[in-house]
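Peer 1: have a look; sequence and predicted model below, questions after that.
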Amino acid sequence: MAKTIWALDPTHSEVGFKVKHLMFTNVSGKFNAFSATVESEDDDFSTAKISFAAEANSVDTGNGDRDNHLKGADFFDAGNYPQVTFSGKEMKKVSDGVYHLSGDLTMRGVTQPVTLEAEYGGQMKDPWGNTKAGFSLSGKINRKDFGLVWNAPLEAGGVLVSEEVKLQAEVQFVKQG
């Protein structure tokens, strides 16, 4: 079988997260600088080898003070761990257009296995003749599993920032060659 390489189209992709703040509302963030490649057999993504990297210094929640805190030693420690990476190991089809993407996520030098749901949107040629494929990804992690343990107790009980982080991505890939 032929090997197919897919490169991320960053202009039409986004990688983000949500975390509960004060135990009752979500705060959203995203990474502004990231890259990914997919290597598969022909156009069948069930054999896909996936690599992803986000620049920790590109975290963006829309609030400069919060972003600087996230980049610091309490969270991503971007000075010592400049990238968040994911290496996909298995893309298992669970139903029509839905896969479970399993792999290793690394933050702050800690690697943990993670499984994400990947909804395959299909393929299409754009107006310039490029073949594109689209995916919606979602999942959850516990940030403490990666050494992101900072928190503050609340007077009424609970903590300022939840341990659970919801991950979401909308990504388009361009078929190479």
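Peer 2: That came through fine. Remember, predicted model here, so these are calculated numbers, not experimental data.

Peer 1: in the protein, where is pLDDT below threshold?
Peer 2: By pLDDT under 70, the low-scoring segments of the chain are 1, 22, 42-44, 151-154, 156-160.

Peer 1: all strands of it, in order?
Peer 2: 3-8, 14-21, 25-31, 34-41, 44-55, 59-60, 83-95, 98-107, 110-125, 131-142, 161-175 (DSSP state E).

Peer 1: looking at the ones you listed, which is closest to D77?
Peer 2: With C-beta to C-beta, the closest approach to D77 among the strands of the chain belongs to strand 98-107: 9.1 Å. Backbone N, C-alpha and C define where each C-beta goes, glycine included.

Peer 1: before we move on, the earlier item: out of the strands of the chain, which is the most enclosed?
Peer 2: The highest mean neighbour count among the strands of the chain, using mean count of other C-beta atoms under 10 Å, belongs to strand 59-60: a mean of 20.

Peer 1: could you say what helices and strands it packs with?
Peer 2: strand 25-31, helix 64-71 (3 or more C-beta pairs under 8 Å, 6 or more residues apart in numbering; DSSP states H and E).
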